[in-house]
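A.B. asks: The sequence and its predicted three-dimensional model are supplied below.
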Amino acid sequence: MRSAETESIDAPFPQGYLDGQPFEAVSWALREWTLANPSVLKHPGPSCPLGMGDFWCQKVLQNHAWSSFPMPRKTLENQFKYALNLLLED
C-alpha cells in the first residue's frame, strides 16, 4: 500500500519492463513516466529500498552506464522491479 507521500501517480506505468522486456527497449517510456511522477521516487520508504530512487534516477534520467553502479546489473534491475511492484500495488 502506498504511503500518503507517494499516493499520487499521475501517469500509468509503461508496459513491458515488469514483464521481462529489456530495459533498453522501454528506457524512454520509463524516463517519461519518471518525469511525470517525480514525487514517487523522491520519498524513501518501503517501496524504494536501498536508495532505489537515487539509482533509478541516475539510470533512467541521467543514463548512467550499468557498470557505474556498485552492484551487478541483474541485482539492480531485480531491486528496481521489486520496488516498482510494491509501488504500483493497489
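C.D. replies: Yep, it's here.
A.B. asks: Kindly list the single helix or strand of this protein that scores lowest on mean pLDDT.
C.D. replies: Ranked by mean pLDDT, DSSP states H and E, the weakest helix or strand in the chain is helix 38-42, scoring a mean of 69.
A.B. asks: Figure out how far stretch 82-90 is from the centre of its chain.
C.D. replies: The chain centroid and the centroid of stretch 82-90 are separated by 9 Å under Cα atoms, centre = their mean, to the nearest Å.
A.B. asks: what's the answer for stretch 54-63, then?
C.D. replies: That offset, for stretch 54-63, works out to 9 Å (Cα atoms, centre = their mean).
A.B. asks: send the alpha carbons of it over as PDB?
C.D. replies: Output of stretch 54-63 as PDB, limited to C-alpha atoms (Å, rounded to 0.1, in the frame of the first residue of the first chain):
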ATOM      1  CA  ASP A  54      18.600   7.600  -6.400                       C
ATOM      2  CA  PHE A  55      19.800   4.700  -8.500                       C
ATOM      3  CA  TRP A  56      16.600   4.800 -10.600                       C
ATOM      4  CA  CYS A  57      17.100   8.500 -11.300                       C
ATOM      5  CA  GLN A  58      20.800   8.000 -12.200                       C
ATOM      6  CA  LYS A  59      19.900   5.200 -14.600                       C
ATOM      7  CA  VAL A  60      16.600   6.400 -16.100                       C
ATOM      8  CA  LEU A  61      17.100  10.200 -16.100                       C
ATOM      9  CA  GLN A  62      20.800  10.600 -16.300                       C
ATOM     10  CA  ASN A  63      21.500   7.400 -18.400                       C
END
